[in-house]
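Asks: Need coordinates for the following:
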Amino acid sequence: MKEQYTINEILSAAHDLRNSKKEKKFEKIEIKHPQQKKESDIPSNTLKLIEEAEKNI
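Replies: A predicted model of the protein is given here:
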């Protein structure tokens, strides 16, 4: 099955492809940066150990 297209159809399709690529817009992705820990913050694994110790008392 051989399909034949006119030059105008081919040029029109190429034009449509070029325009469709320009129309694509990307949504901005917000990157959430982790909050910097203060020296007074207790690490989570230490908190778990403290909680386990409190349960055993």
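
Asks: Which parts of this protein are helices?
Replies: 7-23, 44-56 (DSSP state H).

Asks: middle-most residue in this structure, spatially?
Replies: Nearest to the mean C-alpha position of the chain, counting by C-alpha atoms, centre = their mean, stands residue 29 at 5.9 Å.

Asks: That one and residue 4, how far apart?
Replies: Residue 29 sits 45 Å away from residue 4, going by C-beta to C-beta, to the nearest Å. Glycine gets a C-beta too; all of them are placed from N, C-alpha and C.

Asks: Least confident secondary structure element in this protein?
Replies: In the chain, the helix or strand scored least confidently by mean pLDDT, DSSP states H and E is helix 7-23, which has a mean of 82.

Asks: Off-centre distance for it?
Replies: How far helix 7-23 lies from its chain's middle: 29 Å, per C-alpha atoms, centre = their mean, to the nearest Å.
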